[in-house]
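*Asks:* predicted structure and sequence below. I'll ask about it afterward.
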Amino acid sequence: MNNRITVIARAAAVVLTLQAGMALAQAEVKFVSPEKFSDAGESERDRDDALKVLATHFEEQAAKQLPGKQLKIEVKDVDLAGEIEPRGSGMQRIRVMRSATIPRITLSYVLSEGGKELKRGDASLTDLSYQTATMVRYGPDDPMRYEKKLIDDWMSKELVGKPSSMAKGQ
């Protein structure tokens, strides 16, 4: 009986994992020459971590905002908010935010449903007032909060046809 429960539990775990994977399978994200990106982190590890966060966020938002549709994205450049600068007595390198160091993501995309292309284009996601925005959905501890907001607002406005959260005052 105990073995049977274990088998059922494992099968349920596999089904749930597959369902979660299918939900995230709405978006396919490809980074084109990420080693040439303007600023995706200071080291290769930082860049890989940042791009993984961005890819996951594109996938999660596509699953949430574009159910039943497929989105293919080619990210051509990333410039994270702020700039790495030496600070303090130990000259530690930290990311400093200034109004001139806006977040930017440049990409091409294809949105389709059931094999039929719905929309295709190029986009340059930026937020000139990222520091003064009254609404950022992600907390101050999230180092990618400004970039995630760019993705959310672009997807809502360009792909779903809803006004951005700033326009709605949420």
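*Replies:* Yep, that arrived.
*Asks:* could you list the low-confidence segments of the chain?
*Replies:* 1-25, 84-88, 90-97, 133-136, 162-170 (pLDDT under 70).
*Asks:* how about the strands of it, start to end?
*Replies:* Per DSSP state E, the chain carries strands over the ranges 27-31, 70-79, 83-87, 92-96, 104-113, 116-126.
*Asks:* of all the ones you listed, which one is nearest F58?
*Replies:* strand 27-31 (4.9 Å; Cβ to Cβ). From N, CA and C alone the C-beta is placed, and that goes for glycine too.
*Asks:* in the closest one, what counts as buried?
*Replies:* 27, 29, 31 (16 or more other Cβ atoms under 10 Å).
*Asks:* surely the second one meets H57?
*Replies:* In other words, V29. No. V29 lies out of contact with H57 (Cβ atoms under 8 Å); the separation is 9.3 Å.
*Asks:* now the strands of the chain as a markdown table including distance to K148?
*Replies:* Converted to a markdown table, the strands of the chain look like this (distance: least, Cβ to Cβ, whole Å):
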| stretch | distance to K148 |
| --- | --- |
| strand 27-31 | 14 |
| strand 70-79 | 13 |
| strand 83-87 | 19 |
| strand 92-96 | 15 |
| strand 104-113 | 10 |
| strand 116-126 | 11 |
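*Asks:* relative to A50, which of the ones you listed is closest?
*Replies:* Nearest to A50, of these and by Cβ to Cβ, is strand 70-79 at 7.2 Å.
*Asks:* who are the packing partners of the closest one?
*Replies:* strand 27-31, helix 44-65, strand 104-113 (3 or more Cβ pairs under 8 Å, 6 or more residues apart in numbering; DSSP states H and E).
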